[in-house]
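Trainee: model this:
(one chain, ligands or ions: 2)
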Amino acid sequence: MQTTLKGSCLCGAVRYEVSGEPTRFLHCHCSRCRKASGTGHATNLFLQPGTLDWLAGEEQVRAFKVPEAKRFTNVFCATCGSRLPRWIPELGGVVIPAGSLDDEAPIKPQARIFEGSRAAWSCSGDGLPAYAEYAPQ
Ligand SMILES: [Zn+2]
Ligand SMILES: [Zn+2]
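Mentor: Ligands and ions are numbered 1, 2, ... in the order given. Have a look, this model is predicted:
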């Protein structure tokens, strides 16, 4: 199933379009996602293979890679701080913070990952499979 989705940041300066195969849609409770999102978990949609095109505001896009992380990078709008998608060359795919989408996601969340790092107050209880760290491939 091939999909094309549009999204944008809170201030509207950055707009993007992503295309590809929706493979994974996960709530991640890891401590990095909690810090980066400011809430209990991140919710990320993966398109793989996938492409990312900035339609507007690319010059506003900033990236912070956690120095000790293999891959974890927070991509965001310099003006409003909203999280934005990221192209991952090693995977040939795109990870999209689902809250940045303006279109409806084509699939439903499949699992909760890094439950081992879950904050006690974070939401859950929807019956999704939960994994202490990464979901099995
Ligand atoms: Zn913005
Ligand atoms: Zn995470």
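
Trainee: Would you double-check that A36 falls in a strand?
Mentor: No: judged by DSSP: H, G, I helix; E, B strand; the rest coil, A36 forms no part of a strand; its state is helix.

Trainee: Now do the same contact list for the residue lying closest to it once chain neighbours are set aside.
Mentor: Take A36 and drop its neighbours on the chain: the residue closest to it by Cβ to Cβ, 6 or more residues apart in numbering is N74, 4.5 Å away. The way it works is simple: take the backbone N, C-alpha and C, and place the C-beta from them, glycine included. Contact analysis of N74 by Cβ atoms under 8 Å, 6 or more residues apart in numbering lists A36, A63, F64, K65, V66, R83.

Trainee: switch to 7 Å and redo it
Mentor: A36, F64, R83 (Cβ atoms under 7 Å, 6 or more residues apart in numbering).

Trainee: mind checking the SS state of L128?
Mentor: Of the three states, L128 takes coil under three-state DSSP.

Trainee: so what's it up against?
Mentor: Neighbours of L128 in contact, by Cβ under 7 Å, 6+ apart: P109, Q110, A111, R112.

Trainee: where does it fall, phi/psi-wise?
Mentor: With angles defined as degrees, to the nearest 10, L128 sits at phi -70, psi 150.
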